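In: Following is a predicted model, sequence given first.
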Amino acid sequence: MLAGFLGVALVGGAAYGVTSWVVGLNAGSSGEGQAATMSNLSIAAVASPASANLLYPGASGDVVLTISNPNVFPVTVTGFDLPTSTTYATGYTASALTGAISGCSSSTSDVSWSYSTATSGSVHTLTSALTVATNATLTVTLTSDATMSTSSPAACEAAYFSMPAFTGVVATGGSGSATTSPTTDSWTS
């Protein structure tokens, strides 16, 4: 019986030439990794926007902005938190947002984000997610996402508007194909 066992062992060893070992692990054995820190995105107005849809009383118009991603990974933006519907844009004489217009201020312009509500922080989902590449800037035209009330003063005619700041951005970090700049998007409610 012993001879038969040795014979099998020799044939197996000759055929493979490799001896495998099952090794156990001590309790608590592990590796270590560290997650990256996520930096805030920067969102800024674009000087000299080439908007197809201009604002006028009772209508909606386009807003052009840049989203800058300082992170070492792409970030996908899926929505924005808007300020209240009574938080208004300030009107300026120049596209570089210089020369504030008297009578078209943030308390009188009646220009706000489309579909904003009476409560701050209402989330508005984009029609398509926007992926901003690693350490990159994406230029976006938000179509029809600014609204001018019919009670907007005449002083706001031909003004450039600095839209009220978003109160938040809905975004995730990780993988994804970068959206080509410039691009268009919108929210509808």
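Out: Okay, I see it.

In: Kindly export the lengthiest strand in the chain (C-alpha atoms) in CSV.
Out: If you go by DSSP state E, the chain has its longest strand at strand 136-148. Output of strand 136-148 as CSV, limited to C-alpha atoms (Å, rounded to 0.1, in the frame of the first residue of the first chain):
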residue,chain,number,x,y,z
ALA,A,136,-10.2,70.1,-16.9
THR,A,137,-12.9,72.8,-17.6
LEU,A,138,-16.1,72.1,-19.5
THR,A,139,-18.1,75.0,-21.1
VAL,A,140,-21.9,74.4,-20.9
THR,A,141,-24.8,76.3,-22.4
LEU,A,142,-27.9,75.6,-20.2
THR,A,143,-30.7,76.1,-22.6
SER,A,144,-33.7,78.1,-21.4
ASP,A,145,-32.6,77.8,-17.8
ALA,A,146,-32.9,81.5,-16.9
THR,A,147,-36.3,83.2,-16.7
MET,A,148,-37.2,86.9,-16.9
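
In: Which other helices and strands does that strand contact?
Out: When contacts are defined as 3 or more Cβ pairs under 8 Å, 6 or more residues apart in numbering; DSSP states H and E, strand 136-148 sits against strand 59-69, strand 111-113, strand 122-132, strand 183-185. Every residue, glycine included, has its C-beta placed from N, CA and C.

In: Same question for it: list its buried residues.
Out: For strand 136-148, the neighbour count (16 or more other Cβ atoms under 10 Å) marks 136, 138, 140-148 as buried.

In: Same question for stretch 172-187.
Out: 173, 176, 178-179, 185-187.

In: can you check stretch 35-43 too?
Out: Neighbour-count burial for stretch 35-43 flags 41, 43 (criterion: 16+ other Cβ under 10 Å).

In: All set now, cheers.
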